[in-house]
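Trainee: heads up, no residue letters with this:
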């Protein structure tokens, strides 16, 4: 179980109504924060676009996939008997995470906005880690 013991929970067990360990609660909070940030960014991106470029279209697709994926995961965890919504949500989130890594690398290669280099590197690490955790947990559904 690790340093924390059995009260922290298992990293490989997905959160559910019966599995509300410390790790599951932290994971749900992080998923909620990522969902709200993506929803707000999607709103501002769609409302403030004057012309659509490839990078902006990719961002709209990324944010949409992440928000829909997290919504499906939460609906599947707390409102559904079937695991179909959770698996579909994990797949949407993982595709959105892969797309977010590609977008962050494209932004890093542009070399226009150098103050966001650290943010983009941390974003790549964070999204990859969260997608990996969700993917591994979806195997135990």
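Mentor: Cool, the structure landed. No experiment lies behind these values; they were computed from the predicted model shown.

Trainee: so where's this structure shaky on pLDDT?
Mentor: 1-10, 16-17, 81, 112-115, 141 (pLDDT under 70).

Trainee: quick one: the helices in it?
Mentor: 22-47, 54-78, 84-110, 117-138 (DSSP state H).

Trainee: any chance of those helices in TSV, with distance to residue 15 and mean neighbour count too?
Mentor: Bear in mind the C-beta positions are built from the backbone N, C-alpha and C, glycine included. As requested, the helices of the chain are arranged in TSV below (distance: least, C-beta to C-beta, whole Å; neighbours: other C-beta atoms under 10 Å):
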stretch	distance to residue 15	mean neighbour count
helix 22-47	4	15
helix 54-78	6	19
helix 84-110	10	18
helix 117-138	8	16
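
Trainee: Distance to residue 13 for these - can I get that in TSV?
Mentor: Listed next are the helices of the chain as TSV, based on distance: least, C-beta to C-beta, whole Å:
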stretch	distance to residue 13
helix 22-47	7
helix 54-78	12
helix 84-110	13
helix 117-138	7
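
Trainee: Relative to residue 14, which of these is closest?
Mentor: helix 117-138 (3.9 Å; C-beta to C-beta).

Trainee: Would you mind listing the outside residues contacting that closest one?
Mentor: Helix 117-138 is contacted by residues 11-14, 27, 30-31, 34, 73, 86-87, 90, 93-94, 97-98, 100-101, 104-105, 107-108 when judged by C-beta atoms under 8 Å, 6 or more residues apart in numbering.

Trainee: Kindly recompute the last result at 6 Å.
Mentor: Around helix 117-138, the neighbours that count as contacts under C-beta atoms under 6 Å, 6 or more residues apart in numbering are 12, 14, 87, 90, 93-94, 97, 100-101, 104, 107-108.

Trainee: Cheers, nothing more for now.
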